[in-house]
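Peer 1: This is a predicted model, with the sequence first.
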Amino acid sequence: MDKSSLIGVLIGFICLFIVFFEVSHGHFMMFFSLEGVLMVGGGSVSVTFMAMPMDKMKKVPAYMKRFFFHKGMEPVQVVKVMGELSEKARRDGILALEPEIEKLGDPFLSAGLKMAVDGVDPAAIESTLRLELVAMQDRHKAGKKFFDLIKLYGPGYGLVGTLVGQVGMFGQLATADIGKLGHALAIAVCATMYGAIVANAIAGPIGDKLAMRSSEEIVNREMMLQGILSIQAGDNPRVTQDKMLAFVPSTTRVKLRAAA
């Protein structure tokens, strides 16, 4: 579970609940507008279907799962794992890493080490793994694109709902029916509110988190790639570790070197 994602969701929900309760005194239905939900919710979803292919839309649950759960290794963990593998390869030979491949739990690292153990040319290993990196970036961009579309068009449909509500309100002026005027005005205001919440409290933060996770994973993969090539080249474990440490902040480098 991604603790920061969970904490952010809980804080946002609690703040909204308190504000809604204080304003409505517990009568939360005053914030509900079926027309606003259909306009903002249905409109935003329709845009994503129009803008993205069906195979990407089927992965929306996976995008949400990635927001709440992060399975990738942290950079510090990558440094430690690659350091241990380098020491073992230096001491027992690169073939000694074969039993370790299945235990790693990372398909990218396992595939790279397997090629290194099999004696594949370093240039071929690098090109293959970089192709995997490109494919991974493309998959991650699709997830961010989904939420960027909602962030972009959600407020737009909220504005449309506002305009529709205002037209309805103006159309009822001749009747002087306060109830009907109030209902039309509520539609206008609720639609704007829904659009703002969807963009700023849901789609925007999720898209930004996915982009950050993607950047972190790319760095981790690059660390693994450099480590694999270093191990295959027979570098000293210290040299391999130094290549890994080039990717982490200077304060973390000092701690890792002290622990080594």
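Peer 2: Noted; the coordinates are in hand.

Peer 1: Which of the residues in stretch 74-87 are classified as buried?
Peer 2: Across stretch 74-87, burial judged by 16 or more other C-beta atoms under 10 Å covers 75, 78-83, 85-87. Every residue, glycine included, has its C-beta placed from N, CA and C.

Peer 1: Over to stretch 143-162?
Peer 2: Buried, per 16+ other C-beta under 10 Å, within stretch 143-162: 143-151, 153-155, 157-162.

Peer 1: So which residue is smack in the middle of the protein?
Peer 2: For the chain, the residue whose C-alpha lies nearest the mean C-alpha position (C-alpha atoms, centre = their mean) is residue 210; its distance is 1.6 Å.

Peer 1: so residue 206 touches residue 148, yeah?
Peer 2: No: counting by C-beta atoms under 8 Å, residue 206 sits too far from residue 148 to count as a contact (10.0 Å).

Peer 1: quick one: secondary structure of residue 247?
Peer 2: Per DSSP: H, G, I helix; E, B strand; the rest coil, the secondary structure class of residue 247 is coil.

Peer 1: and it, what does it touch?
Peer 2: 75, 219, 222-223 (C-beta atoms under 8 Å, 6 or more residues apart in numbering).

Peer 1: what residue ranges in this structure score low on pLDDT?
Peer 2: For the chain, applying pLDDT under 70 flags the ranges 255-260.

Peer 1: Let me know the helix or strand that residue 167 is in.
Peer 2: Using DSSP states H and E, residue 167 sits within helix 122-171.

Peer 1: and that helix, how far out from the chain's middle?
Peer 2: 11 Å (C-alpha atoms, centre = their mean, to the nearest Å).

Peer 1: next SSE after that helix?
Peer 2: helix 178-197.

Peer 1: got a list of contacts for that next one?
Peer 2: Around helix 178-197, the neighbours that count as contacts under C-beta under 8 Å, 6+ apart are 16, 30-33, 35-37, 39-41, 154-166, 168-169, 171-173.

Peer 1: Contacts only, for the closest residue to residue 70 other than its chain neighbours.
Peer 2: Leaving out its chain neighbours, the residue that sits closest to residue 70 by C-beta to C-beta, 6 or more residues apart in numbering is residue 2, at 4.8 Å. By C-beta under 8 Å, 6+ apart, the contact set of residue 2 is 67-70, 209.

Peer 1: at 10 Å instead, please
Peer 2: Residue 2 is in contact with 8-9, 66-71, 209, 213, counting by C-beta atoms under 10 Å, 6 or more residues apart in numbering.

Peer 1: In ChimeraX, how would I select just the buried ones from those residues?
Peer 2: Burial among those is assessed by 16+ other C-beta under 10 Å; the matching ChimeraX selection reads:
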select :9,66,67,70,209,213
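
Peer 1: Filter the contacts of residue 2 down to the ones in helices?
Peer 2: Members of the contacts of residue 2 lying in helices (criterion: DSSP state H): 8-9, 66-68, 209, 213.

Peer 1: Distance to residue 184 for these - can I get that in CSV?
Peer 2: Formatted as CSV, the ones in helices among the contacts of residue 2 follow (distance: C-beta to C-beta, whole Å):
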residue, distance to residue 184
8, 35
9, 33
66, 41
67, 36
68, 38
209, 37
213, 43
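
Peer 1: Who are the packing partners of the helix holding residue 167?
Peer 2: helix 34-37, helix 43-51, helix 54-57, helix 60-68, helix 107-117, helix 178-197, helix 204-232 (3 or more C-beta pairs under 10 Å, 6 or more residues apart in numbering; DSSP states H and E).

Peer 1: outside of the first one, which residues touch it?
Peer 2: Applying C-beta under 10 Å, 6+ apart, the contact partners of helix 34-37 are 157-158, 161-162, 164-165, 168, 183-184, 186-195.

Peer 1: which of these count as buried?
Peer 2: Among the contacts of helix 34-37, the ones that count as buried by 16+ other C-beta under 10 Å are 157-158, 161-162, 164-165, 168, 183-184, 186-195.
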